[in-house]
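K.L.:
quick check, what structure comes out for this input:
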Amino acid sequence: MTEFDIVGPEAIREGVATDAYFERTEATLRHAGKNPRVVAEVTADQFPDGEFEVFAGVKDAAALLEGHDVDVDAMHEGQLFDGGPVMRIEGDYLEFARLETSLLGFLSHASGCATAALDARVAAPDSTVLSFGARHVHPSIAAMVERSALVAGLDGFSHVAAGDILGREASGTMPHALIIAFGRDKQEDAFRAFDEAVPEGVPRVALCDTYGDEVGEVLSAVDALGDHLDSVRLDTTSSRRGNFRHIVREVRWELDARGHEDVGIFVSGGLGPTELRELRDVVAGFGVGGYISNANPVDFALDIVEVEGELAAKRGKLSGVKEVYRTADGGHHVGLRGRPGPTDSESLLKPLIRDGELVREFDLDAATRRTREDAQKVGFGEE
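P.N.:
I've put the predicted structure just below:
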C-alpha cells in the first residue's frame with residue numbers, strides 16, 4: 001500500500017502502468033517465438049472532419065519511449081490536427097507493446113485539456129486568461145493541466161507545485177476563506193492585512209463578493225487599499241449572479257465614477273467560452289477552471305498498420321503507413337507514405353526518436369507560438 005493512490009514514475013517507465021492484456025500478449029508472443037517488426041500509429045479520427053484539436057502531452061510520451069529501440073515520428077507540441085496519425089512508432093512490437101496504455105494516457109488527457117484551453121483563449125483573445133482548474137483533478141496531474149493551458153496560450157495558472165515543475169510562477173491572490181477568517185463586515189481588515197503581508201510583486205486583487213453586494217465590497221476594497229488596489233475579482237456563485245454582465249458593468253461604472261479607471265475587473269467561477277465571449281468587453285481577465293481541467297480526453301487509439309512490411313489493420317481502421325499534411329490554406333490532409341502529398345504542403349510528422357535516442361528538444365514558448373499560429377491558419381474557433 002502507498003500513502004496516496006498514485007502510480008509512480010518508475011511503474012510508468014518500466015511498463016507496469018499497463019492494461020493486463022498487454023502482459024498476456026507479451027507472454028503469448030514470447031511463448032510462440034514471435035516479435036514482428038511493425039509500424040503503429042496513434043490516431044483519433046481516420047479522416048479529417050473539420051474539428052481541429054491541439055496535440056499535447058508529447059514531452060511525456062517522448063520520455064516514455066526514449067531508451068526503447070524504436071523510431072518515432074510525431075507532430076510537434078501545440079500542432080493542431082484533424083484526422084490521421086499524430087504519432088508513428090516503428091520497431092519490434094514487444095519493444096513497446098506494454099507502453100501503449102501510458103502512452104495514450106499522456107497524449108489523450110493533455111490534448112483534451114489543451115484543446116479546451118484554446119477554446120477559452122480564442123473566446124477572449126485580448127483578455128488575461130488564467131487556468132484555475134487544478135482543484136478539480138488529482139494533484140499528481142496538475143502540472144499536465146497547467147502545461148496544456150500554457151501550450152494553448154493562456155497567460156498563467158494557479159498551482160504552485162506545477163509552477164515549480166514548469167519553471168513558471170503561479171498566479172493568485174486571495175480566496176473567500178481569507179475573508180471569512182476575518183469575519184463578517186471585516187472585509188477591509190482582510191484587504192489591508194493582505195496588502196501588508198504579501199510581497200510587493202503580487203498584484204493587489206481584492207475578492208469582492210463574499211458577504212455582500214459586489215459594488216459595496218468593491219468600494220470597501222477601494223477604501224481599504226486606495227492606490228495599492230490593482231484589480232477586483234468577482235467569483236459570485238451562479239445561484240446569486242442574476243445578470244452577471246450587468247453586475248460587472250455596474251462595478252465598472254462605480255469605479256470609474258470615483259476616478260478608479262485603472263482598477264481592473266477579473267471574473268471567475270464556472271466560466272467557459274460562452275461566458276468569456278459575453279463578458280470580454282467589460283472585464284480585464286478571467287479565471288477558467290473546470291472547463292479546462294475537466295475536459296474530455298481526446299479518444300486516441302494505437303493501431304498496427306504494417307507488419308513485416310505488409311499492410312495491416314483491424315476492421316474499421318485504415319491500413320498502411322500514413323503521412324499528414326498542412327496546406328498553405330490551412331487544410332489538413334492524410335495520405336499514404338511514399339505517395340506525393342498535396343501541392344504546397346508541409347508534412348507534420350517529424351522525427352522524435354531514432355534508435356531509442358530523443359532527437360527533439362521541447363520549448364514551451366515555441367509550442368505556445370505554434371498553437372497560436374496554427375490556430376489562425378486553420379481558423380480554429382471562428383464563428
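
K.L.:
and the helices in the protein?
P.N.:
Along the chain, counting by DSSP state H, helices occupy 9-14, 20-32, 58-65, 100-123, 142-151, 160-166, 176-182, 187-197, 214-225, 244-257, 273-279, 290-293, 364-378.

K.L.:
can you tell me which of those is most buried?
P.N.:
Ranked by mean neighbour count under mean count of other Cβ atoms under 10 Å, the helices of the chain are led by helix 142-151, which reaches a mean of 27. The way it works is simple: take the backbone N, C-alpha and C, and place the C-beta from them, glycine included.

K.L.:
ok and that one relative to helix 58-65, angle-wise?
P.N.:
Angle, helix 142-151 to helix 58-65, by axes from the mean of the first three to the mean of the last three Cα atoms, to 10 degrees: 130 degrees.

K.L.:
related to what we said a few turns ago, any chance of the helices of the chain in JSON lines, plus mean pLDDT and distance to Gly320?
P.N.:
What follows is the helices of the chain, written out as JSON lines (pLDDT from 0 to 100; distance: least, Cβ to Cβ, whole Å):
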{"stretch": "helix 9-14", "mean pLDDT": "95", "distance to Gly320": "31"}
{"stretch": "helix 20-32", "mean pLDDT": "98", "distance to Gly320": "23"}
{"stretch": "helix 58-65", "mean pLDDT": "98", "distance to Gly320": "22"}
{"stretch": "helix 100-123", "mean pLDDT": "98", "distance to Gly320": "20"}
{"stretch": "helix 142-151", "mean pLDDT": "98", "distance to Gly320": "30"}
{"stretch": "helix 160-166", "mean pLDDT": "97", "distance to Gly320": "38"}
{"stretch": "helix 176-182", "mean pLDDT": "97", "distance to Gly320": "57"}
{"stretch": "helix 187-197", "mean pLDDT": "97", "distance to Gly320": "61"}
{"stretch": "helix 214-225", "mean pLDDT": "97", "distance to Gly320": "60"}
{"stretch": "helix 244-257", "mean pLDDT": "96", "distance to Gly320": "52"}
{"stretch": "helix 273-279", "mean pLDDT": "97", "distance to Gly320": "37"}
{"stretch": "helix 290-293", "mean pLDDT": "97", "distance to Gly320": "36"}
{"stretch": "helix 364-378", "mean pLDDT": "97", "distance to Gly320": "25"}
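
K.L.:
can I get those helices in a markdown table including distance to Leu311?
P.N.:
Shown next, in a markdown table, are the helices of the chain (distance: least, Cβ to Cβ, whole Å):
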| stretch | distance to Leu311 |
| --- | --- |
| helix 9-14 | 32 |
| helix 20-32 | 20 |
| helix 58-65 | 24 |
| helix 100-123 | 21 |
| helix 142-151 | 35 |
| helix 160-166 | 42 |
| helix 176-182 | 60 |
| helix 187-197 | 65 |
| helix 214-225 | 64 |
| helix 244-257 | 56 |
| helix 273-279 | 42 |
| helix 290-293 | 40 |
| helix 364-378 | 30 |
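
K.L.:
closest to Val307 out of these?
P.N.:
Proximity to Val307, assessed across the helices of the chain by Cβ to Cβ, is greatest for helix 20-32 (12.3 Å).

K.L.:
ok and the closest one relative to helix 100-123, angle-wise?
P.N.:
Put simply, helix 20-32 runs at 140 degrees to helix 100-123, going by the same axes, to 10 degrees.

K.L.:
which residues sit against helix 20-32?
P.N.:
35, 93-94, 97-98, 100-101 (Cβ atoms under 8 Å, 6 or more residues apart in numbering).

K.L.:
out of those residues, which comes closest to Ile141?
P.N.:
Using Cβ to Cβ, Thr101 comes nearest to Ile141 of these, at 15.2 Å.

K.L.:
and that closest one, what is it in contact with?
P.N.:
17-19, 22.

K.L.:
most neighbours among those, which one?
P.N.:
The most crowded member of these, judged by other Cβ atoms under 10 Å, is Thr18 (20 neighbours).

K.L.:
ok, that one touching Glu100?
P.N.:
Yes: here Thr18 reaches Glu100: they are 7.2 Å apart, a contact under Cβ atoms under 8 Å.

K.L.:
output the contacts of helix 20-32 as CSV; include the columns distance to Cys208.
P.N.:
Shown next, in CSV, are the contacts of helix 20-32 (distance: Cβ to Cβ, whole Å):
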residue, distance to Cys208
Asn35, 64
Tyr93, 59
Leu94, 60
Ala97, 56
Arg98, 53
Glu100, 49
Thr101, 46
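
K.L.:
closest to Ser220 out of the contacts of Thr101?
P.N.:
Of those, the one sitting nearest to Ser220 (Cβ to Cβ) turns out to be Ala17, at 51.0 Å.
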